[in-house]
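**Q** predicted structure and sequence below. I'll ask about it afterward.
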Amino acid sequence: MELYELGLYELRDKLNREEASVHEIIESVLRRIHQVDGRVKAFVTLDEENALQKADQLKREELRRGRIAGLPFALKDLICTRSLRTTCCSRMLEQFVPPYDATVAARLNAEQGILVGKLNMDEFAMGSSTEFSAFFPTHNPWDLERVPGGSSGGSAAAVAADEVPFALGTDTGGSIRQPAAFCGVVGLKPTYGRVSRWGVVAFASSLDQVGIFSKDVADCALVMNIICGYDPLDSTSINMKVPDYTSFLSTDIKGMKIAYPREYFQQGVDKKNRELVMAALKKYEELGAIVEEVSLPHSEYALPAYYIIAPAEASANLARFDGVRYGLRDFEADNVTDMFSRSRAAGFGAEVKRRIMLGTYALSSGYYDAYYLKALKVRRLISNDFEQIFKDFDIIISPTTPTTAFKLGEQSNEPLTLYMNDILTVPINLAGLPGISVPCGFSDGLPAGMQIVAKPFDEGSLIRAAYAFEQNTAYHTVKPSLGGE
Amino acid sequence: MNSNYETVIGLEVHAELKTATKIFCSCSTAFGAEPNTQVCPICSGFPGMLPVLNKKAVEIAIKAGLALNCEIAALCKFDRKNYFYPDLPKAYQISQYDLPICKNGYLEIDLEGEKKRVGITRAHMEEDAGKLVHQGNITSTPFSLVDLNRSGTPLLEIVSEPDMRSAQEARAYLEKLRSILLFAGASDCKMQEGSLRCDANVSVRPWGQKELGIRTEIKNLNSFRALERAIEYEAQRQIEAIEDGEAIIQETRTWDEEKQITRGMRSKEEAHDYRYFPDPDLPPLKIEREWVEQLKADLPELPDQAQQRLMEQYGLPPYDAAILTLTPEFLEYFDQCLSLYNDAKQVSNWMMGELSKYLNQYDIEIHDCKIKPVALTRLLTLIDEGTISGKMAKDVFAEMFATGKEPDVVVKEKGMVQISDESTLLKMIDGIIEANPGVVEDYRKGKEKAFGFFVGQVMKATKGQANPAVVNSLLKERLKSE
Amino acid sequence: MALTTNEVEHVALLARLALNDEEKKELAEQLSLILDYADRLNEINTDEIEPLAHILPVYNVFREDMVGASSPREDILANGPLLEDGQYKVPKIV
């Protein structure tokens, strides 16, 4: 087995037993990236020199101090990294070099993790296929003709293709869980407020949350221990004790109460995807869990509410890209209004413009009540539905996506069709809940994902349920055949 | 002004809150730094940056609200006000829209002895924008420069009811508001540095008409004088327009200080649509009553209370009390004088007279004045003791103001000691009477004016150092006796 | 809810996006479709429902009024597309 194929625990063991050096691990990962990324195209920026330099500088004693000391990772390219360009995969920020590290990046650095590069995404995290990257689309390692999902498609594909053992992404309406499902990896979106958003370029501030892509649940728990926790720089990060998530890595789920909402098994969800999750529910019953069907009646309105709220917030969040202090600037305009409008028109792609327009409209005078305010009220109803269910249940399980990965170019011209990909994931963001997608089988050779959702700040239950399933199935051990050397 | 019309004025005042740091980041708010040296990624609106609210700003806002008799909201929140401008880094201003921290207050202004209450609709917190500096001549240069030092400075926007009816009332309101904010420690209120800024909403209507006329908003009012002049000009302009059958357009106008006129600002290509919505980055505020009570207890003496005290304790006239309580520093100076010297009216006269005159003339703040209360009261004592005359004291004051010397030193250096010795003065008086028999005759025939001639002659002979009271009594006696 | 090209132009001005005619036409169609979809929200009665703007039950998050270091000017200006005298240079207003 090559080093690049290993997970965090295995790599740590190798280091501890001195069977591998940090240099060898980083080199292995970089070799793998050179081998496959020409086809997968997960990375937009590689930082080889710094990664190797850091590997060589790490002292033996430092290896013991950091929980991921000497282990490689990569970040979705909207997580700001000091002195390393952070583009959001937009022409607007193609040359932008932040003078700061995002809190999550700083936390990984503090544990002596080694950043190897920045990962592709839909421009400003708007999209479900990574085809809206201003640079190039990413390809699904399971079938290079297909999309990896989005918006964190680069993060999912990089982990699936063994280019890095773990990566961070962000999830606003499913942008971690959906690509994790499409690429057959573990993807966890923590509770809103669990992880600092400071230094993470905002799409929709009331929904965005940073999360993890990993090869298995144990690795995910390990990284959760590092990135979670209060940050005084983010007023929406909650000041609450963070449990040791690795303590939830138990296969004992006897008596766990699992709800599956019937609405999440209709709504144009592929038969095969439904069957795989139903089979998973059977597995849970075998393991001693109590499984019941429930109803989340307002979830069907989550998508329309989401496509008002998220663009509305985005229209303000992306207004700062005006060509004055950073980013693309039109130098031809002779007055400020034209300079703004032309810089923004040149810097943003079609989907970003579409969402800015939609959000601006939904907030504008005369439409605010009908769209934005209405959507906030519906958001309350959706959230209340979940609250009701969680009075009686520990977790909720559904398919992560209605389909498996679709072909590149298949949906990129029809916004509404593309938005439907998020139909099972957006309700969770609107309610601020934690959710995880774990591999639950294959449909025509493509991975399918199962979504597990828990109460606010109960990521422990997610990890326990996901781990129990993973340890009793073998789906996570199946790898895409990208070809070797 | 055409007396068939009534002017209606409401003011929107932006006061910078007196914090050490900005409202959402830890950059300093100190005035006058080199451009873009008091900035960070947060107040420069960089991607991924988040605001964290300055607790002191909230406390000061609550205190200001209490000082303005406002209700303090139990729940309030921050909203984003969206508009593009090069000095607004995020292209939205964090402000408060439908749930301001303070509302329904008032203050009282004094109009020639009559009290008038002016309502305060609301006061809300927001962040300031940066500064746009035009290069050279605004009409010819194609570029402006952006300095973000001021970006993120905490502001309290205080909106009055349209309760004022003249430029003088508007001025009185602004002066009172300023002194309340100063006393409450809420703001420095320096108009020339922009820490107190005022926009005026002005409309006119025929006397007796209930509904308000169409208003214009006047910006760029950088002094009390500008406020008065601009309102007077604008009201007159509107009246003339109406008389000429023209319609008033609701618009924003700017005060042209040079030409002393208001000018319509070129209307933006779009109607304002700020698309306010709750800022998701900032959790709402729940303001507990205990917190408000505690802040209320911390409030120092406010101008109205101080005025009352000056009138009751020292018997000062309302006019004096109002002037002495314009700023806390002025009042503190007065109080210090009174701890050393007990003639309140005398102190008041000198503070409102010479002291104010020189402070204004040289644009000096009272706490930077070289004449400290101990020196002023010593000067007054020298007058009381007859060492120098009141007139001489003014010269001594001027020297003290310029050099900071003690009054006794100045008096000695200038040889300004007053001549009160009767025998010395009598010798002079007798000589003058002898030399001017004709004038003596006139006086005795009842020509009172002639008396002044003799006083003047004595003063001339003593180079102004004669004690006027002594001279008067001696002269009267001598002129009568012969 | 069908958007006209005029409405698209107004919104584009608010959002400061210079659009060509083709983009305007396309956006009018696409936004109309999305808004039609959003109109489904009207199927639910929300008269008695409080809007949900902040999902966390968190209030009064403050920092103390302590001055921290500002950024070195070269760092903060390093990404500036056009600078002069330590300031950002922009075309004049209007």
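**A** Perfect, thanks for sending it. Residues are numbered from 1 along each chain as shown, chains lettered A, B, ... in the order given.
**Q** dump the residue contacts of residue 56.
**A** Defaulting to chain A. A:Val22, A:His23 (Cβ atoms under 8 Å, 6 or more residues apart in numbering or on different chains). Any C-beta I mention is one placed from the backbone N, CA and C, and that applies to glycine too.
**Q** I was thinking of chain C, sorry if that wasn't clear
**A** C:Leu56 sits in contact with A:Tyr192, A:Gly193, A:Thr236, A:Ile238, A:Gly432, B:Pro283, where contact means Cβ under 8 Å, 6+ apart.
**Q** and what of A:Cys220?
**A** A:Phe166, A:Val186, A:Leu188, A:Ile212, A:Ser214, A:Ile436, A:Ile463, A:Ala466.
**Q** confidence score at the last one?
**A** Reported pLDDT at A:Ala466 in the predicted model: 98.
**Q** and what of the second one?
**A** Model confidence at A:Val186, given as pLDDT, is 98.
**Q** cool, B:Ala344 as well?
**A** For B:Ala344, pLDDT reads 96.
**Q** what distance do you get for the closest residue to A:Pro99 other than its chain neighbours to B:Pro41?
**A** Counting by Cβ to Cβ, 6 or more residues apart in numbering or on different chains, C:Asp75 is the residue found nearest to A:Pro99 once chain neighbours are left out, at 4.4 Å. Using Cβ to Cβ, to the nearest Å, one obtains 9 Å as the distance from C:Asp75 to B:Pro41.
**Q** and A:Ala161, by the same measure?
**A** 34 Å.
**Q** for A:Leu71, same thing?
**A** 29 Å.
**Q** looking at these two, which one has more neighbours?
**A** A:Leu71 (29 against 22; other Cβ atoms under 10 Å in any protein chain shown).
**Q** the more buried one contacts A:Tyr9, correct?
**A** No - using Cβ atoms under 8 Å, A:Leu71 is not in contact with A:Tyr9; the gap is 10.0 Å.
**Q** how long is stretch A:179-193 from one end to the other?
**A** Length of stretch A:179-193, first residue to last, Cα to Cα, to the nearest Å: 22 Å.
**Q** same check on stretch A:57-74?
**A** Termini of stretch A:57-74 sit 19 Å apart (Cα to Cα).
**Q** do the same with stretch B:429-443
**A** 15 Å.
**Q** which of the residues in that stretch are buried?
**A** B:Ile429, B:Ile432, B:Ile433, B:Asn436, B:Val439, B:Val440, B:Asp442, B:Tyr443 (16 or more other Cβ atoms under 10 Å in any protein chain shown).
**Q** same question for stretch C:71-78.
**A** C:Ser71, C:Arg73, C:Asp75, C:Ile76, C:Leu77.
**Q** for those residues, give me CSV that also has secondary structure, pLDDT and distance to B:Lys77.
**A** As requested, these are exported to CSV (DSSP: H, G, I helix; E, B strand; the rest coil; pLDDT from 0 to 100; distance: Cβ to Cβ, whole Å):
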residue, secondary structure, pLDDT, distance to B:Lys77
C:Ser71, coil, 96, 29
C:Arg73, helix, 96, 34
C:Asp75, helix, 96, 33
C:Ile76, helix, 96, 30
C:Leu77, helix, 97, 34
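**Q** okay, those in TSV with distance to B:Leu156 next?
**A** Below are the buried residues of stretch C:71-78 laid out as TSV (distance: Cβ to Cβ, whole Å):
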residue	distance to B:Leu156
C:Ser71	27
C:Arg73	29
C:Asp75	32
C:Ile76	27
C:Leu77	31
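**Q** what do C:Asp75 and B:Pro41 both touch?
**A** A:Pro99.
**Q** was I right about the residue nearest to A:Pro99 contacting A:Val97?
**A** No - taking contacts as Cβ under 8 Å, C:Asp75 lies outside contact range of A:Val97: 10.0 Å.
**Q** tally of neighbours for the residue in chain B positioned nearest to chain C?
**A** Going by Cβ to the nearest Cβ, chain C is nearest to B:Ser26 of chain B, at 3.2 Å. Residues within reach of B:Ser26, counting by other Cβ under 10 Å, total 20.
**Q** residue nearest the middle of chain A, spatially speaking?
**A** A:Ile176 (2.3 Å; Cα atoms, centre = their mean).
**Q** doesn't B:Tyr341 make contact with B:Thr381?
**A** Yes - counting by Cβ under 8 Å, B:Tyr341 is a contact partner of B:Thr381 at 6.8 Å.
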